[in-house]
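Q: here are the coordinates; sequence isn't available:
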């Protein structure tokens, strides 16, 4: 039976409260280790950047970045994306809806508008449908247009489980460790070959992810 529009709205809002509450609980009972930029939250608030991280680990970053207050995140137009979009404001983040497959042009304009307001941007370069752990050109095109450097972010959590999705999306569990590594900034110039830079960005995120695992004692 199809849900009514009103019930759908209630369902999404309730889910957003549950998701944010659960992630806050996990965050409070997780030991975070962050390496890279000396003070990533404060620095990015003053000097906007584009954070790039793998799609299946995005949930690990909401709690540690809740104090940023000037961060816009690209979220797909899917029903699953609706849950995330409604949870983001509870972590002081704004959602820009769209992806490479749906609403791409509108999303790009929305991200540019937020960039002009001094917001940092966050994207998953292997989303919304993969291939998993392979960067696409979208984030690099955005970096070239805005002039913002891309910061590759590697994330690893010891306590988690994976759901049955295309990227084996990872959900955090409490009482573990979470490593976050921010790699060297990647700047995109006007004449750069974006196809070649996707390989570079992929390697940078993979390297940061490996280092994040080591912060958690995993080799």
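A: That came through fine. What you see is a predicted model, and the numbers here were worked out from it, not measured in a lab.
Q: distance from the chain centre to whichever helix in the chain runs longest, please.
A: Ranked by residue count and defined by DSSP state H, the top helix of the chain is helix 5-28. Helix 5-28 has its C-alpha centroid displaced from the chain centroid by 18 Å (Cα atoms, centre = their mean, to the nearest Å).
Q: next SSE downstream of that helix?
A: Of the helices and strands lying after helix 5-28 in sequence (DSSP states H and E), the nearest is strand 31-35.
Q: show me what the longest strand seen in the chain is packed up against.
A: For the chain, the longest strand by residue count, based on DSSP state E, is strand 150-157. Packing partners of strand 150-157 (3 or more Cβ pairs under 8 Å, 6 or more residues apart in numbering; DSSP states H and E): strand 50-52, helix 138-146, strand 177-182, helix 194-215. Yep, even glycine has a C-beta here, placed from its N, CA and C like the rest.
Q: what angle separates it from strand 31-35?
A: On the basis of axes from the mean of the first three to the mean of the last three Cα atoms, to 10 degrees, strand 150-157 is oriented at 150 degrees to strand 31-35.
Q: doesn't residue 202 make contact with residue 134?
A: Yes: taking Cβ atoms under 8 Å as the definition, residue 134 is a contact partner of residue 202 at 5.7 Å.
Q: of these two, who's got more company?
A: Set residue 134 next to residue 202 and count neighbours by other Cβ atoms under 10 Å: residue 202 wins out with 19 against 15.
Q: dump the residue contacts of that one.
A: By Cβ atoms under 8 Å, 6 or more residues apart in numbering, residue 202 lies in contact with 125, 133, 134, 135.
Q: hmm, which two among these are most spread apart?
A: 125 and 133 (9.6 Å; Cβ to Cβ).
Q: what sits in contact with each of these two?
A: 202, 205.
Q: tell me which of the two has more neighbours.
A: Shown here are residue 125 and residue 133; by other Cβ under 10 Å, residue 125 has more neighbours (24 against 15).
Q: residue nearest the middle of this structure, spatially speaking?
A: In the chain, the centroid-proximal residue (Cα atoms, centre = their mean) is residue 58; its distance is 4.5 Å.
Q: who's in contact with that residue?
A: So residue 58 contacts 73, 84, 124 (Cβ under 8 Å, 6+ apart).
Q: repeat the analysis, applying 7 Å as the threshold.
A: Residues near residue 58 by Cβ atoms under 7 Å, 6 or more residues apart in numbering: residue 124.
Q: wouldn't residue 54 be in contact with residue 205 here?
A: Yes: checked against Cβ atoms under 7 Å, the pair residue 54 and residue 205 is within contact range at 6.4 Å.
Q: the two: who's more crowded?
A: Between residue 54 and residue 205, counting by other Cβ under 10 Å, residue 205 is the more crowded of the two (29 against 25).
Q: neighbours of the closest residue to the more buried one other than its chain neighbours, how many?
A: Ranked by Cβ to Cβ, 6 or more residues apart in numbering and with sequence neighbours excluded, the top spatial neighbour of residue 205 is residue 152, at 4.4 Å. With neighbours defined by other Cβ under 10 Å, the count for residue 152 comes to 29.
Q: just the pLDDT for residue 198.
A: Predicted confidence (pLDDT) for residue 198: 96.
Q: to clarify, my last question referred to residue 100.
A: 62.
Q: please apply the same query to residue 22.
A: Residue 22 is given a pLDDT of 97.
Q: likewise for residue 127?
A: Per-residue pLDDT puts residue 127 at 76.
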